[in-house]
Every structure is written in structure tokens, then in C-alpha cells.
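**Q** build me a structure from this.
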Amino acid sequence: MNGVIGIDTSNYTTSIAFFDGDRGMNCSKLLPVKQGELGLRQSDAVFSHIKSLPELSGRLFSHIHPATVTAVGVSTRPRAVEGSYMPCFMVGYSHAKLLSDMLGVPLIEVSHQQGHVAASLWSAEHMELLERPHLAWHLSGGTTELLLVQPDHRNVRCEKIGGTSDISAGQLIDRTGQLLGLPFPAGKHLDHLSTEASGSELFKVKCADMTFSLSGVQNKVEQYHEKNGSPAETASYALRCVAYAIFQATQQALIRYPGLPVVFSGGVASNTMLRQVLRPLSPIFAQPEFSTDNAMGVAVLTHRAMEV
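**A** Predicted structure coming up:
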């Protein structure tokens, strides 16, 4: 069956996907980060993508025939706004341009954030929301944004309406992981640790107009760990603080935009505690493997762009 290729080279993951309008296949690989470090320099990320993309392409094309590819899509920047740029996305663009030229098919450009939204909706089986206004959280290592999403010519337009005013939820989680000596990225490790905790203490972050600050939470997490000493309880405390901040902002958004569905995307959205805390608000969550960085959303948007 004919389909399209999607490519995404974020600062955390290299990924390439195939989508035929119904089913999809995503091949991805986390970028290597040295123990104790919080992320990668752009030059190191670029080098890792250059090494990984040919391997992942080979894996994908071992399952599909090049003649079935009708278009190639790629994320070329973090967000679809003026001035949004990261060098690592140029690796994906170069690979996508070579593929489209070689196969003689169109090249479609989208943003990383738009891809996240589309991947979540496809994974959660709510593709109809690509045609309707809705709210979406983009929660990742570098982003904590609450978005008003609206359809826009076979794509989506994302307007930031809330979120964090300083460090992202992912940064707080990774810094907590560093405090506890956990590998980077620390999200899944904190998630696992938190299931062993029993505490319920919470630092209530002030949230006004759907916006909150997480920089103060980092100090509270460090103080809590110094007092408590339990990795599991510290992990649970940090995640609880993040989850309730997001809960408050979501509540405020639903008052301002009543009746709109709320979709969660990004690696932090795969967190178990967040999903439990938000449950009363009837959120839409993607499958965990499609919450983290992936190319499926790019492929979904590429397929839509090719529809007559």
C-alpha cells in the first residue's frame, strides 16, 4: 500500500516513520548522553543524528518498498513561529531532501510541535480533532506549553496560551534525576521510582492566567530530598508538584475555553502520575511510545498534505 515518510531529528531522538493513512511504523533512537549530564550540545546532537539516520532508514526500508512512497515529510524547526530554529533539524531536512529528490516525490515541511500534536491524536484515535479546535499540552525536555490548536490547511496552527514562565517540566524532572544519580533522560526512571512512594506532601505552585513557574520547585525538591533522603519519595514529590501545576492551568483553560478537548503530547505526557492527577478533567493521552519524540506525527501531517 502507498504511504509517506516522516522524519524528525529533535534534540533527544532520531526518528523516521511510514504512514499509509491508517497504519504506521516508527523507527527511533535516543541520542546518547553521558552519565551525569543534562542533554547535549547542538553540535553533538547533529553528529548523533548524522550517524543514526542511515541506520534507521535502512531498518524502515527493509519493511517498505521505495516505490510505495508518495511524499517525504520532515520537521524543520521546533515551532511554526518566526525565529524558531535549532541546527539539529537541518540533519533531518538534508536526509528528507535527498530522499524526495531520489524518489521524485514532494517534500513537505512541518514543525516538531505540530508533529507532536498529530502523533498524539493519531495514537489516541482522535484524528477528528485535526479538523476541530482543541487544547493541547506540549510537555517535553525543553517545552511546557499549553496550546490552542486550530485546523490550518491540512495542518494545525498552535497558539501558546499558557504553560511555564521559566524552566520546563522536563528540565525539572531531569534535574531531579541528576540529584538522584539517575540516567538522562530521567522521566521513566522517576516514574518507576515514584510507584514505590507513599507520601502525599505537595508544594502548590501559584498558577495565574494558565501560567506558572517551576524554578522555585527545584529548590523545594532539593530541600525535600535533603530532609527525607528517599529517592522514591523525592521522585514522587517532584512529579506531584509538576502534575498539580499542570492540573491548575488546565482547569483555568477549560473555564476560558469551555467544551474543548484537552490533548497531551511530549515525553513528560507519558508520566503515570500526571495521567492519574489529570483524570478528573477527561484528558486525551497518546500511547506512551507516541508521547515521546517520534516521526509519526510528521508522517501523518505529510499524508494529509497530499490528500486531494
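
**Q** mind listing what residue 217 touches?
**A** By Cβ atoms under 8 Å, 6 or more residues apart in numbering, the contact set of residue 217 is 172, 203, 205, 238, 241, 242, 245. C-beta here means a position set from N, CA and C on the backbone, and glycine is covered the same way.

**Q** again, only this time at 6 Å
**A** By Cβ atoms under 6 Å, 6 or more residues apart in numbering, the contact set of residue 217 is 172, 241.

**Q** ditto for residue 269
**A** Counting by Cβ under 6 Å, 6+ apart, residue 269 has contacts 139, 291.

**Q** show the pLDDT at it.
**A** What the model reports as pLDDT for residue 269 is 92.

**Q** please apply the same query to residue 140.
**A** Residue 140 carries a pLDDT value of 89.

**Q** which one is it nearest to, not counting chain neighbours?
**A** Leaving out its chain neighbours, the residue that sits closest to residue 140 by Cβ to Cβ, 6 or more residues apart in numbering is residue 266, at 3.8 Å.

**Q** my guess is the one you found contacts residue 141, does it?
**A** No: between residue 266 and residue 141 there is no contact under Cβ atoms under 6 Å: 8.4 Å.

**Q** name the helix or strand for the residue in the chain sticking out farthest from the centre, please.
**A** The centre of the chain is farthest from one residue, residue 227, which by Cα atoms, centre = their mean lies 32.9 Å away. Here residue 227 sits within helix 215-228, counting by DSSP states H and E.

**Q** then that helix to CSV, C-alphas only?
**A** In CSV, the C-alpha atoms belonging to helix 215-228 read as follows (Å, rounded to 0.1, in the frame of the first residue of the first chain):
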residue,chain,number,x,y,z
SER,A,215,12.1,27.3,39.1
GLY,A,216,11.1,27.5,42.8
VAL,A,217,10.0,23.9,42.7
GLN,A,218,13.6,22.8,42.0
ASN,A,219,14.7,24.4,45.3
LYS,A,220,11.8,22.7,47.1
VAL,A,221,12.7,19.3,45.6
GLU,A,222,16.3,19.7,46.8
GLN,A,223,15.2,20.7,50.3
TYR,A,224,12.7,17.8,50.4
HIS,A,225,15.4,15.3,49.4
GLU,A,226,17.9,16.7,52.0
LYS,A,227,15.2,16.3,54.7
ASN,A,228,13.7,13.0,53.5
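
**Q** please begin residue numbering at 855 from this point
**A** With 855 as the first residue, the last one maps to helix 1069-1082.

**Q** ok, and for that helix, which residues are buried?
**A** By 16 or more other Cβ atoms under 10 Å, the buried positions in helix 1069-1082 come out as 1071, 1072, 1074, 1075, 1078, 1079.

**Q** distance check, the residue farthest from the centre of the chain against residue 912.
**A** Applying Cβ to Cβ, to the nearest Å, the value for residue 1081 to residue 912 is 51 Å.

**Q** picking up where we left off before, just name the closest of the buried residues of helix 1069-1082 to residue 1129, please.
**A** Nearest to residue 1129 among these: residue 1071, at 19.5 Å, using Cβ to Cβ.

**Q** what segments of the stretch 1055-1162 of the chain are helices?
**A** Counting by DSSP state H, counting those that start in this stretch, the stretch 1055-1162 of the chain has these helices, from start to end: 1069-1082, 1085-1110, 1126-1132, 1150-1160.

**Q** tell me the most buried of the ones you listed?
**A** helix 1150-1160 (a mean of 28; mean count of other Cβ atoms under 10 Å).

**Q** for that one, name the packing helices and strands.
**A** strand 857-863, strand 867-873, strand 923-929, strand 961-964, helix 966-977 (3 or more Cβ pairs under 6 Å, 6 or more residues apart in numbering; DSSP states H and E).

**Q** in its sheet, what does the shortest one sit against?
**A** It refers to strand 961-964. Strand pairing for strand 961-964, using DSSP bridges, gives strand 923-929 (parallel).

**Q** and the angle for the strand it pairs with with helix 966-977?
**A** 130 degrees (axes from the mean of the first three to the mean of the last three Cα atoms, to 10 degrees).

**Q** and strand 923-929, which residues are buried?
**A** Taking 16+ other Cβ under 10 Å as the criterion, strand 923-929 shows 923, 924, 925, 926, 927, 928, 929 as buried.

**Q** right, and the third one touches residue 961 too?
**A** No: with contact defined as Cβ under 6 Å, residue 925 and residue 961 do not form a contacting pair (7.5 Å).
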